[in-house]
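**Student:** can you look at this prediction? I've put the sequence above it.
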Amino acid sequence: MNFISYKKSELYDRVVDQYEIFNHSYDFMVFLAVLGYREDNPVREGYEGDDSEGTRGQIGADNFFANDLYRVIATSIAYQDTGDMDALVDSELQAERLAQYAAGGLEVAEKEFGQVAGDPTDAIVNLTQNYQEEEEEYQGTLGDIVKAFDDEMMGIE
Amino acid sequence: MELHRIELKNFRQFENESISFARGTETGVTVVHGSNGSGKTTLLNAFTWLLYHTVDFDTKAEQLLTEGVIAEAEVGEELPVVVRLEFKHEDVQYIAERKAIYEKQSDSDLDGDLQDVEVSLKYKENGKWDERGNPENTLDQIMPERLSGLFFFDGEDIEELAGIENQQQIQASIQNIMGLTILERATRHLGAVADRFEDEVEQHASDELAELIEKKRKIEEEIESLGRDQDDTQRAIDRIEVEIGDIEQKLERLDESAALQERRSEYRKKQSELKDEVTEVNQRIKQELNNRGYIPLAMPLIKETAEQLDEMRQDGVIPSDLTNSYIDSLLEVNQCICGRQLDPGSEPHQRVKAMKGEAVSEGVEQSAIRVVGNLNQISEMETDYYNEIDDCIQRRSELEAEIETLSEKIDEIGSELEKMDQTTESGESVTELENKRKEKEREKGELHNELGKIEERINNLEEQLESTSDKIAEKKDERQEALVAKRRQYAAESVKVELEQAFDKLKNKVRRLSNKKIQETFSRIASKNMEARITEDFELRIQQGVNESQRQVNKSTGERQIASLAFIGSLVDIARERYESDNDSEYFTGGIYPLVMDSPFGALDKSHRRKVGRVIPELANQVIVFATDSQWEGPVEEEMRKKVGKQYWLDFNEGDGEDNYPRTVIKTEQTNMGEEK
């Protein structure tokens, strides 16, 4: 797999090229994928875009998977979406599900900040802040899990 | 090109005169002294008339023939106007001559009717004189007309180069001297070629395709027209900014308003710094969004995944790759870690084998470790993200509040100034000046709005253009001719784009090269702490505060003149250096050019005249200066004296309009000033 195909819209150009909020298309794509997952809005049809409509984007798979955290996100999305442990290692499946949730995230983003006149940075910041309170609840549980997992793996138990 | 001698016959007030030019690097300066109206500018025009058949006279532009000569001639008599120039170019001697024949039409006719103009160019080869078949072309190759404005210049207009509307001229000059015009022309021609192929496509196209092409053209025309509007509006804004600068300078000079105006400038400066900081903060926010903005959204996903991986760990569903391979090794040697025999099929063998995890794909464990191993980091990143974003937003609010306070203070100053009544020498009161300034600010605001609208329309049209072009590209037209023309059109367009990119890069490269030279030259002439440079938009700017907070200075005529002189001198110098270097570039071969300058010291004060006088002879091998006594005497003379090879004086007699007509006699005093003094 050399490339990951994804559905793009003019919003990609705005946030990457015009307002330089995201450095690369794949940075925005990850943002959209987690947004799509968060809003439980995967798109199963046409999530790779369409060349003839000019909505197909492609990113280099190597670049994408070279980022450890992006790999974690893609792995988690694929695993959550399929419930199959093979999703933890199948990068083609990870790319496919990532693109499906990114396409769903794009729909959400279009509604949330796609129509903002001018630079949408603040609108995107607001969107992330809306999730802040909810997040704080996770800290405790998450910490416990990490600790338990680490101890087990390290043979401390 | 080295100028040797010019002869004028019946050219304006010069009936039969000549000048031999000084040559040589040590004494290459020729000075022609003349009072105002004595014919200095006419001499400059004699060069351009001979070489390019163009003249630029303020008065009686049509009249070339010497008035006295035509007045004394018979009706029907044919009279010649001749300019003859002897020069050397690349070791070949040339004599160029332009001759115009006028016929006197009536007793009162003082202009004459032009009958014929011819130009000839003789050259000496192997000791024999021969004539060029196409003299005008050869002359243009030796001393290109496009460069004429640089080398034959009128000092009274020269400061305009450093004006606000001369980016085109600056850009053209740089391109010309660097030989880049060939690229510019190539891109233009390719555009025309692409258009021609598009015509062909249209001719052979289906109705639908023809309609699309027509639509594309209309959009292109509209974009072009809006582009012109955009340039005009930008120029209008630049002009208003200069006007506002002038008004504020006046306010700074008046005792009553000086302190307030100064404070207003300080507030504005502070405000501008704060705005820069807001931009920086916004930049930080964007960086945060890019680097960590996805983390808060990803938290539930990561939590769920971590929980499930944890459960699987507890259930033993995620086996350790390490454990499995260790158990395999025990089974292979048939011996447990406790020493017991593990015979296949035996109970101990079965029990040890059962300790292996379920069969899953290789790498699952590593992948799970990666997910879980990054959890701590992700959690920290989320906290950092929110902290950084909160800091940025708070800082931005503080900055915006400060900016607002400063705006209020600036407004208060405006109100105070409106009440003051001291007047300038020209009778404008502080109140009037302030009101005028406000009006200009308002106009500027409107123009900015206008510019924004134009830019938005251009953007929209460019999108439409792109989608129409895509549709045209997708159209599989049925006619072979249309397809071939379409392919050719795209080929021409693609080459054009490539060339344009190369051209832009080269243009900027030579701009930087010119900048270096211009700064060197300018710093030798102008006051300290000031620098002249060509901006990315090819504007010749004078700035104050080198290396620190630079600000554009409202240039006086003198400063503009210095910047323009530095610019022209630098280009001549670059061309000379390039010519003398060993480079083998096809595009920029450089050349030796003389500088012929009419009143180049006009608007300068004494100290600047001295510096210009010192620098100019070093920039070109041959310099010809036309100057009034007041421009020449004193510092200029002191600096240039040793470089002067020849001097002439224009003796002008304006006549009485009846029997005596205006005439200038060139007094040839071939005195070597260096030796004389």
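**Tutor:** Okay, I see it.

**Student:** packing partners for the lengthiest helix in chain A?
**Tutor:** Ranked by residue count, the top helix of chain A under DSSP state H comes out as helix A:91-109. Secondary-structure packing of helix A:91-109 (3 or more CB pairs under 8 Å, 6 or more residues apart in numbering or on different chains; DSSP states H and E): strand A:3-7, helix A:25-38, helix A:61-66, helix A:68-82. Just so you know, the C-beta spots here come from the backbone N, C-alpha and C atoms, and that holds for glycine as well.

**Student:** closest one to residue B:118 among these?
**Tutor:** In terms of CB to CB, the element of those nearest to residue B:118 is helix A:25-38, at 66.6 Å.

**Student:** do that closest one and chain B meet at all?
**Tutor:** Yes - using CB under 8 Å from any CB of the partner chain, helix A:25-38 reaches chain B at A:27, A:30, A:31, A:34, A:35, A:37, A:38.

**Student:** what sits against the second one?
**Tutor:** The reference is to residue A:30. Each residue near residue A:30 by CB atoms under 8 Å, 6 or more residues apart in numbering or on different chains is listed here: A:70, A:73, A:98, A:102, B:294.

**Student:** out of those, which is nearest to residue B:622?
**Tutor:** Looking across the contacts of residue A:30 and measuring by CB to CB, the closest to residue B:622 is residue A:70, at 67.0 Å.

**Student:** enumerate every residue touching that closest one.
**Tutor:** The contact partners of residue A:70, by CB under 8 Å, 6+ apart, come to A:26, A:30, A:64.

**Student:** same deal with residue A:11?
**Tutor:** A:106, A:109, A:110, A:114.

**Student:** the third one - how many residues pack around it?
**Tutor:** When you say that, I think you mean residue A:110. Neighbours of residue A:110 under the rule other CB atoms under 10 Å in any protein chain shown: 13.

**Student:** hmm, it is touching residue A:8, no?
**Tutor:** No - Residue A:110 lies out of contact with residue A:8 (CB atoms under 8 Å); the separation is 11.6 Å.

**Student:** so, low pLDDT: which residues of the stretch 201-350 of chain B?
**Tutor:** For the stretch 201-350 of chain B, the stretches flagged by pLDDT under 70 are B:313-314, B:316, B:319-326.

**Student:** in it, which spans are helices?
**Tutor:** In the stretch 201-350 of chain B, the helices defined using DSSP state H, counting those that start in this stretch lie at B:207-253, B:255-292, B:294-315, B:321-333, B:347-354.

**Student:** and those helices as TSV, adding mean neighbour count and distance to residue B:457?
**Tutor:** TSV is the format used below for these (neighbours: other CB atoms under 10 Å in any protein chain shown; distance: least, CB to CB, whole Å):
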stretch	mean neighbour count	distance to residue B:457
helix B:207-253	16	6
helix B:255-292	16	26
helix B:294-315	20	35
helix B:321-333	13	63
helix B:347-354	13	76
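
**Student:** in CSV: those, plus distance to residue B:425.
**Tutor:** Putting these into CSV (distance: least, CB to CB, whole Å) gives the following:
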stretch, distance to residue B:425
helix B:207-253, 9
helix B:255-292, 13
helix B:294-315, 65
helix B:321-333, 92
helix B:347-354, 107
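
**Student:** TSV for those, including distance to chain A?
**Tutor:** Output for the helices of the stretch 201-350 of chain B, formatted as TSV (distance: least, CB to the nearest CB, whole Å):
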stretch	distance to chain A
helix B:207-253	16
helix B:255-292	5
helix B:294-315	4
helix B:321-333	10
helix B:347-354	19
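
**Student:** quick one: closest of those helices to residue A:46.
**Tutor:** helix B:294-315 (23.0 Å).

**Student:** tell me the contacts of the nearest residue to residue B:52 once chain neighbours are set aside?
**Tutor:** Nearest residue to residue B:52, sequence neighbours excluded (CB to CB, 6 or more residues apart in numbering or on different chains): residue B:145, at 4.5 Å. Listed by CB under 8 Å, 6+ apart, the contact partners of residue B:145 are B:51, B:52, B:54.

**Student:** is it correct that the last one falls within a strand?
**Tutor:** No - checked against DSSP: H, G, I helix; E, B strand; the rest coil, residue B:54 lies outside a strand; its state is coil.

**Student:** hey, what's residue B:598 bridged with?
**Tutor:** Beta-bridge partners of residue B:598, counted by DSSP bridges, are residue B:154, residue B:626.

**Student:** pretty sure it sits against residue B:624.
**Tutor:** No - using CB under 8 Å as the test, residue B:598 is too far from residue B:624 to be in contact (9.3 Å).

**Student:** more crowded one of these two?
**Tutor:** Neighbours per residue (other CB under 10 Å) separate residue B:598 from residue B:624, with residue B:624 holding more: 27 against 24.

**Student:** so for the strand or helix carrying that one, mean pLDDT?
**Tutor:** Per DSSP states H and E: residue B:624 is located in strand B:623-627. The average pLDDT for strand B:623-627 rounds to 90.

**Student:** of all the residues in the stretch 1-150 of chain B, which one is nearest chain A?
**Tutor:** residue B:146 (37.5 Å; CB to the nearest CB).

**Student:** what's the spacing between that residue and residue B:50?
**Tutor:** For residue B:146, the distance to residue B:50 equals 17 Å [CB to CB, to the nearest Å].

**Student:** which of these two has more neighbours?
**Tutor:** Per other CB under 10 Å, whichever of residue B:146 and residue B:50 has more neighbours is residue B:50, with 21 against 14.

**Student:** the more buried one: which element?
**Tutor:** Going by DSSP H and E, residue B:50 is part of helix B:40-52.

**Student:** taking strand B:623-627 as reference, get the angle to that helix.
**Tutor:** 140 degrees (axes from the mean of the first three to the mean of the last three CA atoms, to 10 degrees).

**Student:** got the contact list for the helix or strand following helix B:40-52?
**Tutor:** Note on helix B:40-52: by DSSP H and E, the next helix or strand toward the C-terminus is helix B:67-72. Contact with helix B:67-72 is made by B:10, B:13, B:15, B:79, B:102, B:104, B:109-112, B:655, B:660-663, as judged by CB under 8 Å, 6+ apart.

**Student:** ok, now stretch B:435-444?
**Tutor:** In contact with stretch B:435-444 (CB under 8 Å, 6+ apart) are residues B:237, B:240, B:241, B:243, B:244, B:247, B:248, B:251, B:414, B:418, B:428.

**Student:** farthest from the middle of chain B: give me that residue.
**Tutor:** residue B:346 (89.5 Å; CA atoms, centre = their mean).

**Student:** thanks a lot, catch you later.
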